[in-house]
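S.K.: Show me how the following folds:
(3 chains)
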Amino acid sequence: MDLSLIDINWQVITPQIILAVFGFVLLLLEAFLPKDKKGILPHLAWIGIALSFFFSVNLFGSGFSGFNGMALADNFALFFSFIFLISSFLVVLLSISFLKREEQVRGDYYALLLFATLGMMLMASSFDLIVIFLGLEIVSVSLYILSGFRKKDPKSNEASMKFFLMGSFATSFLIFGIALIYGNFGTTNLEKILFLAPFSGVFAGASEFLLYAGIGFLIVGFGFKIASVPFHMWMPDVFEGAPTPIAGFISAGPKAAGFAALLRIFLLAFSSIKPDWTLIFWILAVLSMTTGNLLALWQTNLKRLLAYSSIAHGGYILIAFVSGSNSAISGVLFYLSAYILMNLGAFAVIISMGSKEKEGTDLYKEYAGAGLKNPFLGVFMAIFMLSLAGFPPTAGFFAKFYIFSSAIKSGYLGLVIIAVINSLISVYYYLRVIVYMFMRPSAEEVKPVSIPFSLGLVILLTGIGILALGILPQELLNLAYNSIF
Amino acid sequence: MIEYVWLIPLLPLIGFVINGILGRRLGKTLVSLIGCGTIGVSFLISVKILFELLSLPAEHRIIERVVFPWIYSGLFKVNVSFLLDPLSCVMILVVSGVGFFIHVYSIGYMGEDKGFARFFSFMNLFVFFMLTLVLSNNFLLLYLGWEGVGLCSYLLIGFWYEKKSASDAAKKAFIVNRIGDFGFALGIMLIFWTFGTLNYSDVFLQAPSILTLGGGLATAITLLLFAGAVGKSAQIPLYVWLPDAMEGPTPVSALIHAATMVTAGVYMVARCHVLFQLAPFTMGLVAVIGAVTALYTASIGMVQNDIKRVLAYSTISQLGYMFLGCGVGAFASGIFHLMTHAFFKALLFLGAGCVMHALSGELNMQKMGELKNKLPVTFWTMFAAVLAISGIPLFSGFFSKDEILWKAFSQGNLILWIIGLVTAGMTAFYMFRLFFLTFFGKSRVDESIKSHIHESPKIMIVPLMVLAVLSVIGGYIGVPKSLGGGNNFESFLSPVFGEKGEIALHPASTEYLLMALSVVVALLGIFFAYRFYIKSPDLPKSLAQRFSFPYKLLLNKYYVDELYFKIVVNPLLKFATFLWQFFDVKVIDGIANGLANTVNWFAGIGRKVQTGYVRNYALGMVFGVLLILAYFILR
Amino acid sequence: MPSDYAFVGLFLVFGVAFVLFVFLLSKLIAPYKPNPVKKENYECGEVPIGQGWVQFNVRYYLFAIIFVIFDVEVVFLFPWAVVYKSLGFFAFIEMLIFIAILIFGLVYVWRKGALKWV
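M.R.: Model (predicted):
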């Protein structure tokens, strides 16, 4: 074997390497720093993320690739890297005061966050199914641990355990799917598969079914990651039990990573046999939207509500796979960017409303009238909810607008009608949060809370971001359009 | 500086954000500094831009600047971009300039109010939207500003929302405006449907080739647009909200309901003059509505006793003049009158504010009098404004009003000209009535207030003086050729409205004659006012008794509010009740409940699946896997 | 292609059949004479105390996992060692990084007290 055959290009993976190095440093510092000095660890974490972001920005537009297509720095990968890094950055900020409140200031938490981010970046930045799988496993394992981070809390344990069991189950499907696809094409490289896929009949002969089984298993494996119905059931339980910042994190980065991989696999490698799998995505989209929205209607626990909302939003994004046009892909990129902002903002408000004793998730007891006592939180929560519901002039409106309009252009009017009906249903439970915060007499235990700086910063940044994208969406959309593979 | 035109609206927006978020913590000094400073800087930039425009050759004075692309979706492309031409330049100068002085005035006027920061943030927001409206280069951004100023107007009329009358007035303004805006929005949609674009330049360029002169489409578009203008600029029949809008703080009345926002309709008609000129029917309607409104509301204004209401009716009447100007094709004259009116009407309102300030909020002119010596500055500045609005020669109102009348006459619209002339007389009458009742005669002020009547603080007085100077000299930029001037204003606007040579149908002597006539009419009005309210103050009462029917009719504003209530509001209420009782309760609730039950049922199933047992979750997944495999097998 | 899968299927059938065959064979030819001592289950030649279904201390798992990690490391090291000469210096550095990462983990685990048996 000759190593010179591998085009080693370290530059391509500098952002990932930075994250890894910072992760290990955090681990070691956690092990060796005295307890009272651990306050600096989160700062180290966000500095690492910022550095990685800086290098990603530098790579943007370069179109580098390396390691025989196993690592890419095309704009698509980098756009997703931005999404991951920004969401991780915000989650680090969310975690600072949360962990202080829980008296759990630990470096390994941040190290795991960084590793998870690294995994997501691998998922988005590779042409190789094996590397995508590797990234997915790094993300999953980190998240299993993180969701059980409140070791004393049985719910957190439950979340971790369920997540792990279901996750391993789904992963087994995924790896089986990859194996079958390898069996068919003799390669795991998506670019090569793109050329081979139209001739699958010729290559596979009678085993065409096995190829489709492999595709089906891939859908199952990634469907789990993006929590699409019927592979979604872990999500509400995990959201409820996991530490709040981690719940926010799961809804943002890993979900986006799942979509990144799905986009590359289905809209690139298998785009030539799109008619074969379109219907499956159609059904998954409808099931996810409808189930997510209907079940969200009755939630009084805000974290569970956001879990179902996240499932529903996954359904909206799946519409883009059905339409499959370039504008749909850029719509997904826009949607995910908007989605991480509004979701993390909402989670920041939840964390601000909570305390060591209670989580700040009970709509009736903890949010009734809270908007009047904490106008800052109330106003921004209203912005986040309106954006999630898709009202102009927020980012959520344009996110839906772009995906829906691309689907209409591709001729899937029925699907869009279902989606619009679903959006209307969702307005009810999003607005209910606002109604409770502003129009109900306040419950006794609702008091003005003091907001730590880092949380306030997240709320402000996400809120401004949402409004900015809602008023001037074009810049980001152009960027997204230039980031299509 | 022209590159930085986007700063002009942006600065007030920044002021709004800062004052809106941090206002309560900043303290009044900082709030007022930010509130006035942002607009002040906008004004300075506007002045600089004016000079830069003037330094360019006339044909290069139309400049478009894209700030950022806004919505690109298929064919529908709209930028946030600004159009800087002589017309918008005049408008930003008026808005930011008059706005700045009114803001300064408000520091004193609102000084004691607990909503100080809120007031300034809303005012800044208003200025932002107004500047966006006049600077926009497309209909969508215009519409955004249009709705934005409406929102601010609503917020500011209801500023003292604890007062029921204030919140009612705000509601009324909002609803009446919605009616006009509905038409306006339809008009914009029709424009997009016709031209496939919303950019002014594209629309106006294509208009002559796509629309036929006097064709149905042109008429429909312009009528719909004009519906919006009627609502916003308070013309017949949608004028009823403006007098009630006086419930807001006086600076608001001055800025929004006299000087700027209500003139947006005039601006819009002038901006779309290319379209309107293609629709002679609409033009005629504009002129007629303008003239009738002017006469009609002036007659109401003659007997009102509430000082701000007189000014409100006067505003509507003057807006009628502007529409009359536009309707007869004298767009530049309309805009000219818009500008001078902004000066003297803002001044009148601010002066009225000073009077109220001195009299602890008294609005009834029958309880004023003999304030001349106690409020000397207010007296003299208001005197200038009253002379200007009455059309006394050498004051600004004379030039602008006369030009409109002259244009109406020279176009051959004799009836419109007569209406305008009569209105001019009425205007002089009611303005001097207001002036005499307030400052002359015996004092009828309540004894309790009498002792502490005082002139307002400097910060309120200085804006009055500045505006007084403008009211006097503001007209000299538009002195007509017949009086030896060059009519600079019209030629400045000519890149927008096109060169229109003086129509030489009538010799200059006719113009002199008409001028003299209108001066005589104005002096007559003043004479009557003098006779009624100074010479023999009892005369109005006996007259009112003798002509009790017309007097009551006028006092009650022709009973239009009551009429509207009877024929519009009441049936609507009844219909709404019916809808509510029958349709809503039975049909909609039935459907909604049925729907809710169905949704509930589905959700119940969903919740049953979500058992919390991992084994069931895994089963669900296997179910999904089997379905997918089955699909591939059976496909 | 289908013949390839048939080969796998054949393997499967043969594997299962072979196991069944062996069991059957021993059943057929082995003598069956049970007594109490013979029926007792035993571990490593010792008579067991109590039931086999007991809860193990979680630390066993910890050690087991750490063992597995280094086990995998060895699996990875063997093929590397075999072709080491042809790979050259670069691969050497790569492997050092790999081992260093594992050692980081070990150091962490050790500092955290996971290696202490309480």
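
S.K.: CA only for contacts and neighbour counts going forward, please
M.R.: OK.

S.K.: Just give me the longest helix of chain A.
M.R.: Taking DSSP state H as the criterion, chain A has its longest helix at helix A:154-185.

S.K.: touching chain B at all, that one?
M.R.: Yes: using C-alpha under 8 Å from any C-alpha of the partner chain, helix A:154-185 reaches chain B at A:K162, A:L165, A:M166, A:F169.

S.K.: That helix: which residues count as buried?
M.R.: A:155-171, A:173-185 (16 or more other C-alpha atoms under 10 Å in any protein chain shown).

S.K.: on that earlier part again, pick the one among the residues of helix A:154-185 next to chain B closest to B:F547.
M.R.: Ranked by distance to B:F547 (C-alpha to C-alpha), those are led by A:K162 at 90.0 Å.

S.K.: Return the set of buried residues in the helix or strand containing A:K192.
M.R.: Using DSSP states H and E, A:K192 sits in helix A:190-196. Going by neighbour count (16+ other C-alpha under 10 Å), the buried part of helix A:190-196 is A:L190, A:E191, A:I193, A:L194, A:L196.

S.K.: do the same with stretch B:547-555
M.R.: Buried, per 16+ other C-alpha under 10 Å, within stretch B:547-555: B:Y551, B:L554, B:L555.

S.K.: Mind listing residues that contact that stretch?
M.R.: Here stretch B:547-555 makes contact (C-alpha atoms under 8 Å, 6 or more residues apart in numbering or on different chains) with B:S299, B:I300, B:M302, B:V303, B:Q304, B:A544, B:Y559.

S.K.: Ok, stretch B:2-11 next?
M.R.: B:38-39, B:41-43, B:45-46, B:49, B:52, B:65, B:67, B:82, B:127-129, B:131-132.

S.K.: Would you mind measuring from the spatially most central residue of chain C to chain B?
M.R.: Central residue of chain C (C-alpha atoms, centre = their mean): C:V68, 8.4 Å from the mean position. Separation of C:V68 from chain B (C-alpha to the nearest C-alpha, to the nearest Å): 27 Å.

S.K.: Please apply the same query to C:I65.
M.R.: In terms of C-alpha to the nearest C-alpha, C:I65 sits 24 Å off from chain B.

S.K.: Any idea how many residues pack against that residue?
M.R.: C:I65 sits with 12 neighbouring residues when counted by other C-alpha atoms under 10 Å in any protein chain shown.

S.K.: Report the separation between it and A:E158.
M.R.: 21 Å (C-alpha to C-alpha, to the nearest Å).

S.K.: closest to B:G215 among the residues of helix A:154-185 next to chain B?
M.R.: A:M166 (69.4 Å).

S.K.: residues contacting the closest one?
M.R.: A:M166 is in contact with A:W234, B:V614, B:Y617, B:A618, counting by C-alpha under 8 Å, 6+ apart.

S.K.: Flag the shaky bits of chain A, pLDDT-wise.
M.R.: A:1-6, A:199-207, A:443, A:445 (pLDDT under 70).

S.K.: After the helix or strand bottoming out on mean pLDDT in chain C, which helix or strand is next?
M.R.: Ranked by mean pLDDT, DSSP states H and E, the weakest helix or strand in chain C is helix C:36-39, scoring a mean of 78. Next helix or strand after helix C:36-39 toward the C-terminus (DSSP H and E): helix C:58-82.

S.K.: Next secondary structure element downstream of that following helix?
M.R.: That would be, after helix C:58-82 and using DSSP H and E, helix C:84-87.

S.K.: Check the gap between whichever residue of chain B sits closest to chain C and chain A for me.
M.R.: Residue of chain B nearest chain C, by C-alpha to the nearest C-alpha: B:I633 (17.4 Å). Here the criterion is C-alpha to the nearest C-alpha. By it, B:I633 lies 7 Å from chain A.

S.K.: nearest spatial neighbour of A:Y436, skipping sequence neighbours?
M.R.: A:A368 (4.8 Å; C-alpha to C-alpha, 6 or more residues apart in numbering or on different chains).

S.K.: For chain B, which residues score under the pLDDT cut-off?
M.R.: By pLDDT under 70, the low-scoring segments of chain B are B:73-75, B:484-486, B:499-507, B:568-569, B:572-573, B:575-596, B:599-600, B:602-604, B:606-607, B:609.

S.K.: excluding its backbone neighbours, what's nearest the residue positioned nearest the centre of it?
M.R.: Nearest residue to the geometric centre of chain B (C-alpha atoms, centre = their mean): B:V262, 1.1 Å. In this structure, B:V262 finds its nearest non-sequential neighbour in B:S233, 4.3 Å apart by C-alpha to C-alpha, 6+ apart.

S.K.: repeat for A:A73
M.R.: A:F64 (5.1 Å).

S.K.: give the contact list for the one you found.
M.R.: A:F64 neighbours (C-alpha under 8 Å, 6+ apart): A:V12, A:L72, A:A73, A:D74.

S.K.: again with A:G463
M.R.: Here A:G463 is in contact with A:L341, A:M342, A:G345, A:F380, A:I383, A:F384 (criterion: C-alpha under 8 Å, 6+ apart).

S.K.: Run a quick neighbour tally on the residue nearest to B:V262.
M.R.: B:S233: 30 neighbours (other C-alpha under 10 Å).

S.K.: Now it: phi and psi?
M.R.: phi -100, psi 20 (degrees, to the nearest 10).

S.K.: ok, it touching B:A259?
M.R.: No: using C-alpha atoms under 8 Å as the test, B:S233 is too far from B:A259 to be in contact (11.0 Å).

S.K.: In terms of secondary structure, what does the longest strand seen in chain B contact?
M.R.: In chain B, taking DSSP state E as the definition, the longest strand is strand B:63-73. The contact analysis (3 or more C-alpha pairs under 8 Å, 6 or more residues apart in numbering or on different chains; DSSP states H and E) places strand B:63-73 against helix A:474-482, strand B:76-84.

S.K.: Return the member of the contacts of A:F64 nearest to chain B.
M.R.: Nearest member of the contacts of A:F64 to chain B, counting by C-alpha to the nearest C-alpha, is A:D74, at 25.0 Å.

S.K.: For the closest residue to chain C within the stretch 1-150 of chain A, pull up the helix or strand it's in.
M.R.: Residue nearest to chain C within the stretch 1-150 of chain A: A:A31 (5.6 Å; C-alpha to the nearest C-alpha). Per DSSP H and E: A:A31 is located in helix A:14-32.

S.K.: for that helix, packing partners?
M.R.: Helix A:14-32 sits against helix A:41-59, helix A:107-124, helix C:89-111, with contacts defined as 3+ C-alpha pairs under 8 Å, 6+ apart.

S.K.: Need the winner for burial among those helices.
M.R.: Among these, the stretch with the highest mean neighbour count (mean count of other C-alpha atoms under 10 Å in any protein chain shown) is helix A:107-124, at a mean of 28.

S.K.: check whether that helix contacts chain C.
M.R.: No: between helix A:107-124 and chain C, judged by C-alpha under 8 Å from any C-alpha, nothing touches; the nearest distance is 9.6 Å.

S.K.: Much appreciated, bye for now.
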